[in-house]
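J.: Based on what follows, work out the 3D shape:
(one chain, ligands or ions: 1)
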Amino acid sequence: MRATTEARTLRRVSGSQSNNSPHGDANKDNARDARPVALPLAILPLHQQRYSCHGCGNCCRDFTVQLRPHDLEKLRTQDWETKLGAPVTTEFRGVTYLRQRDDGACVFLMDDGLCRIHKEYGFTEKPIACQMFPFVPIPDDRRTRVGLSFACQSVRENKGAELQSHANDVDRMTRAVPETRVATYTAMLADAMGAKDGELDALSHAIDAYLARNDLTMRDRFDGLSWVAASLGRAKLAEVRAKRFRELVALLVSALPAELEHLPLEAVLPKQERLLRQAVYARLEDVQVHHAKSKGRWRTVLAQLLASRAFTRGKGRIPSVARGLLGDVSFDLIRGIPVLSESPDRDAIEDLLVRYARATIIGGRAWGAGYYGWPAVRGLQALVLNIACAAWLARALAASRGHAHVTIDDARDALGRIDRHAGRAPWLGSVGERLRLEYFRLDDGLRRIVRESI
Ligand code: SF4
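T.: The predicted structure follows:
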């Protein structure tokens, strides 16, 4: 069954490549041979963004690394079990992962912050997921976009080389994960509504151009994004397709930011505040394989329920979450921290959040294969919620660190934490999360939570 599906996918890809590629003849030959043709790569086209690994080792502490058969083969050949005298992998619910220490760090992370496999065998001998991070390849029906994870410190700090300089490496790595280079996803505009040619590109270009406007305040840029996401959610899109959809998007974006002044907002409702805190908690949940195995399923679930309830109530001290990321702090203290626009680091925070939003949209991580297969309209709403969660968490970090305002480091740490799970943690793509977004659509919830936290 699996082989049949793959064969179908490969045939479809061969066909679409031969139709679209400027190198028509070569691809026709490929189609005739029914050999897989890799989708072309589109590295994130955001010239303001840079990246090189600076070896902070954070990703070796933060992530649970799932292994592919080829990774396991390499680890066996490298004979780590003999060298370290202990297993280097662990099984959980039928999946094999790199083993972690009790503090969550990878067993190969050395005291100097470097990777032992990298040191002894070189970069290309590490598991492919470790090599790939922070690049996120996302195939659609025409290309593989390559987005960036803001869980990486260098990405957040915007340090390093131009992204295009990594193209050969990304090409090699994605070819080792063939499903990242084949068209397996049908782009969706809204629920049960496939996107027509050019609709999603028009949407991302229009929003990107608005977010790029340096003449606007951070609050107007994100309020505008929330308004477009909410307006598209309300529109009867089935009646506005192709050229008319592109015109609708252009019209909505051209009405910004003036339209926002005619649509003043009430304060955030208590229920919306509660939902926002719950959304933050869902993004902080951090069950690690070795903890879940040692504590047992029920103790793990009970601890999660208690923490979730504390976030819902929003009273008293904040429970210990995300391995102590948030120190001992009360919910009231967090409410007392001024919003991001009032920070002395406002310009740096604005640069960070705008780069994140733009990179997420044009890098393909806002919807489709980059975000739980969600349609574009819901994916945009989820992006708005992720930004509001990052803003809330930044204020919580500022409060727990004794800062009077959110600093750029608070904002960077918060965004790194929020983006760490985005598009990966299954619960953020669940029905419950969809319902949360539905509720935020009522009473201008998305606009209210963004405006009051940014
Ligand atoms: S988080 Fe980024 S900079 Fe730090 S080690 Fe990982 S890839 Fe390198």
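
J.: Can you pull up the residues of this structure that come close to the ligand?
T.: Applying C-beta under 6 Å from any ligand atom, one finds that the chain approaches the ligand through C53, H54, G55, C56, G57, N58, C59, F133, P134, C152, Q153, S154. C-betas here are computed from N, CA, C, even on glycine.

J.: ok, the first one touching S154?
T.: This points to C53. Yes. At 6.2 Å, C53 counts as touching S154 under the criterion of C-beta atoms under 8 Å.

J.: just for the chain, where's the confidence low?
T.: For the chain, applying pLDDT under 70 flags the ranges 1-36, 287-297, 322-324.

J.: where's D62 relative to L109, distance?
T.: With distances taken as C-beta to C-beta, to the nearest Å, D62 is found 11 Å from L109.

J.: how about stretch 315-327: buried residues?
T.: I318, V321, L325, L326 (16 or more other C-beta atoms under 10 Å).

J.: Just the element for R417, please.
T.: Assigned by DSSP states H and E, R417 falls within helix 408-421.

J.: following that helix, which helix or strand shows up next?
T.: helix 431-441.

J.: could you show me where the helices are in the stretch 51-200 of the chain, in order?
T.: 58-62, 69-78, 80-84, 116-121, 128-132, 153-157, 167-175, 199-211 (DSSP state H, counting those that start in this stretch).

J.: What helices and strands are in contact with whichever helix or strand comes after the last one?
T.: Put plainly, it is helix 199-211. Downstream of helix 199-211, the first helix or strand assigned by DSSP H and E is helix 218-234. Helices and strands touching helix 218-234, by 3 or more C-beta pairs under 8 Å, 6 or more residues apart in numbering; DSSP states H and E, are helix 199-211, helix 243-254, helix 258-261, helix 346-362, helix 376-400, helix 431-441, helix 445-453.

J.: Quick check: which of these is buried the most?
T.: Sort the helices and strands packed on helix 218-234 by mean neighbour count, taking mean count of other C-beta atoms under 10 Å, and helix 376-400 sits at the top with a mean of 26.

J.: could you redo the residues of the chain next to the ligand as TSV and give each row neighbour count and distance to D103?
T.: What follows is these, written out as TSV (neighbours: other C-beta atoms under 10 Å; distance: C-beta to C-beta, whole Å):
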residue	neighbour count	distance to D103
C53	16	22
H54	13	21
G55	14	19
C56	13	16
G57	19	12
N58	15	13
C59	22	15
F133	20	19
P134	18	22
C152	24	20
Q153	19	18
S154	18	22
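
J.: Any idea which residue of the stretch 151-300 of the chain lies closest to the ligand?
T.: Proximity of the stretch 151-300 of the chain to the ligand (C-beta to the nearest ligand atom) peaks at C152, 3.4 Å away.

J.: before we move on, the earlier item: could you export the helix holding R417 as PDB, CA atoms only?
T.: Extracted C-alpha coordinates of helix 408-421, given in PDB (Å, rounded to 0.1, in the frame of the first residue of the first chain):
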ATOM      1  CA  ILE A 408      15.500  42.100  23.600                       C
ATOM      2  CA  ASP A 409      16.900  39.000  25.400                       C
ATOM      3  CA  ASP A 410      13.500  38.300  27.000                       C
ATOM      4  CA  ALA A 411      11.800  38.700  23.600                       C
ATOM      5  CA  ARG A 412      14.400  36.400  21.900                       C
ATOM      6  CA  ASP A 413      14.100  33.700  24.500                       C
ATOM      7  CA  ALA A 414      10.300  33.800  24.400                       C
ATOM      8  CA  LEU A 415      10.100  33.600  20.600                       C
ATOM      9  CA  GLY A 416      12.600  30.800  20.600                       C
ATOM     10  CA  ARG A 417      10.500  28.800  23.000                       C
ATOM     11  CA  ILE A 418       7.200  29.500  21.100                       C
ATOM     12  CA  ASP A 419       8.700  28.600  17.700                       C
ATOM     13  CA  ARG A 420      10.300  25.500  19.000                       C
ATOM     14  CA  HIS A 421       7.000  23.600  19.000                       C
END
